[in-house]
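I'd like to go over a predicted model; first the sequence, then the structure.
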Amino acid sequence: MVATPLHNMKIASRAVLLYQVLDKKGVLETFSELKHHSPGNEIVRFSDAEFWISRFESGNHDLNYDKRLEPLSAICSPIQILRKTALRLRNVFRPRKVIHISDSQVAMRACILFDALNEIPIFESYRKFCRLVSNSMEYRDYEFWYYLFYHGNKELHYVQSEEPPQTSFVDLPIQIVSDILDGLTVLDRMIVRRVSRKLEALVDKNHHSIKSVAAHSLHDESECKLVIDGDLVEYYNSPEGCKIRKDCRMNGILIGSGDCLELVMADLKAILQNPKLKLRMFNMNMRCDIKSEEYRVEYGTRLKKVLKLLPHLLDVKKLKLDSNFLRDKENNYELASVLSHFKPGTLEHMILGFHRESDIPGFEKAVRLEQWLQVKNIKMYWKVDGRIPLEHFLHFTSVNLEIWNGSRRNVIDIRNILIESPHFRYGRFKFSPITIRGLEQMFDPNLDRLPLDCRINYRTRHRVFVINFAYHSEILIFPNFTA
């Protein structure tokens with residue numbers, strides 16, 4: 001077949017101009033690149049390039065527009081007026097079809113040809129094509145046209161069926177592909193799953209092997225992080241779209257045109273919706289120095305929406321929830337609605353952020369859930385102005401409380417309520433900013449002075465505990481196995 005160069009096809013040359021406009025390239029840059037790839041042949045005159053680029057920049061992306069329909073200049077001959085009138089009448093009765101890049105195979109191939117001539121790496125070119133034009137072309141087809149043009153064949157009407165059948169990576173046996181994907185880093189898997197729908201399905205199918213997931217918001221909406229099995233993936237906004245990287249010292253890789261919050265939630269959902277997923281740790285964290293209250297609410301709302309849309313309850317052993325994430329726009333405490341998305345019985349350990357007196361109504365709803373009642377170990381940060389509702393902690397084996405604005409009354413409640421529970425085994429209670437020295441007599445009124453090792457024995461109906469007062473602001477409680 002004879003090659004069909006761009007300058008012989010109006011739709012193709014206009015498609016390249018529009019492709020450059022969508023990529024935020026100017027007239028001079030676009031025109032110089034076109035001339036560079038067609039030495040001796042002027043693909044389009046500079047005045048025409050200027051016209052089409054100006055038209056595309058105004059928002060009209062029709063490649064089939066007839067330039068002759070433009071208004072006449074002030075000085076024109078009667079013959080020109082008659083021709084223009086006839087052309088407009090014909091356009092009224094036989095209007096031209098509006099054509100966008102994604103409507104024309106030739107236009108899409110012209111864009112691929114242009115990237116191949118510019119030697120843009122194929123993965124980067126494909127992501128750019130999906131972002132600017134359409135994601136309707138499978139990577140396998142894109143790869144065929146890219147390498148056809150890259151190796152010198154510029155025929156836009158080339159018949160693909162004339163090629164001998166070729167084996168692509170995704171045509172390998174599924175087990176081989178899965179083994180290869182398992183050997184990739186988390187960052188690489190996040191990139192590969194965006195290459196094609198088939199690779200996306202294969203990567204998502206392998207998510208069941210993940211054991212820990214953490215979603216972190218940073219101080220503003222321009223950055224988010226996922227930590228998957230200890231590997232960091234940082235999402236951040238750039239002028240081109242959302243990019244990902246391992247750390248801030250690396251150049252990011254473009255993965256989409258959306259904002260980073262949208263894409264990090266999409267990746268998180270893809271991981272969590274795997275029905276075979278069994279996590280040892282799930283951490284939903286939100287920095288306390290977030291600059292915008294709107295962003296705090298938006299981040300929390302989207303994260304809770306991901307949980308709500310899952311088709312099953314999450315199988316998680318250890319759960320860490322930040323209290324900033326748990327409060328909605330009206331500052332209502334939503335622990336119950338979040339806990340309801342986790343499987344009761346498998347959830348054994350919880351770490352919850354700062355709680356305040358105003359959180360108690362929402363807290364009272366959560367403590368009725370099976371998820372709460374079957375947890376064995378709890379760690380909480382509590383800012384109190386009164387008493388802590390320790391009656392809801394009686395089923396825990398281990399309790400770790402950091403108490404702000406604490407008082408002697410809180411120590412008495414720990415002694416009278418919590419330690420008397422038949423389930424209680426271990427405890428750590430840290431008081432800030434008060435000291436606990438002098439509180440040992442609450443456990444032993446006959447004690448004149450604290451022993452040198454700062455430990456005393458305390459007997460309950462169920463067992464004997466060792467109470468350690470060795471630290472300035474902490475009380476440590478554990479069983480005395482020798483008693």
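That came through, no problem. Residues are numbered from 1 along each chain as shown.

need the strands for the stretch 251-400 of the chain, in chain order.
Assigned by DSSP state E, counting those that start in this stretch, the strands in the stretch 251-400 of the chain fall at 253-256, 278-286, 315-321, 349-355, 377-383, 398-404.

Turn those strands into JSON lines, including mean pLDDT, mean neighbour count and distance to residue 55.
Every C-beta, even on glycine, is put in place using the N, C-alpha and C of the backbone. Below are the strands of the stretch 251-400 of the chain laid out as JSON lines (pLDDT from 0 to 100; neighbours: other CB atoms under 10 Å; distance: least, CB to CB, whole Å):
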{"stretch": "strand 253-256", "mean pLDDT": "76", "mean neighbour count": "19", "distance to residue 55": "27"}
{"stretch": "strand 278-286", "mean pLDDT": "89", "mean neighbour count": "19", "distance to residue 55": "46"}
{"stretch": "strand 315-321", "mean pLDDT": "93", "mean neighbour count": "19", "distance to residue 55": "53"}
{"stretch": "strand 349-355", "mean pLDDT": "83", "mean neighbour count": "19", "distance to residue 55": "54"}
{"stretch": "strand 377-383", "mean pLDDT": "87", "mean neighbour count": "18", "distance to residue 55": "60"}
{"stretch": "strand 398-404", "mean pLDDT": "88", "mean neighbour count": "19", "distance to residue 55": "63"}
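
Would you tell me which of those gets closest to residue 47?
strand 253-256 (33.6 Å; CB to CB).

Which elements pack onto the closest one?
helix 122-132, helix 186-192, strand 241-245 (3 or more CB pairs under 8 Å, 6 or more residues apart in numbering; DSSP states H and E).

Put the alpha carbons of it into CSV.
Output of strand 253-256 as CSV, limited to C-alpha atoms (Å, rounded to 0.1, in the frame of the first residue of the first chain):
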residue,chain,number,x,y,z
ILE,A,253,4.3,9.2,36.7
LEU,A,254,1.1,10.5,35.2
ILE,A,255,-1.8,8.2,35.8
GLY,A,256,-5.0,10.2,35.1
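
Quick check: neighbours of that strand in the sheet, parallel or antiparallel?
Partners of strand 253-256 in the sheet, by DSSP bridges, are strand 241-245 (antiparallel).

Moving C-terminal from the worst-scoring helix or strand of the chain on mean pLDDT, which element do we reach first?
Ranked by mean pLDDT, DSSP states H and E, the helix or strand of the chain with the weakest confidence is helix 78-93, at a mean of 55. Per DSSP states H and E, the first helix or strand lying C-terminal to helix 78-93 is helix 105-117.

where does the stretch 151-300 of the chain have low pLDDT?
Residues of the stretch 151-300 of the chain that meet the criterion pLDDT under 70 lie in 160-167, 219-220, 248-249, 287-291.

how about the helices of it, start to end?
Per DSSP state H, counting those that start in this stretch, the stretch 151-300 of the chain carries helices over the ranges 174-182, 186-192, 197-205, 260-272, 293-308.

Mean neighbour count, those helices: which tops it?
Sort the helices of the stretch 151-300 of the chain by mean neighbour count, taking mean count of other CB atoms under 10 Å, and helix 260-272 sits at the top with a mean of 20.
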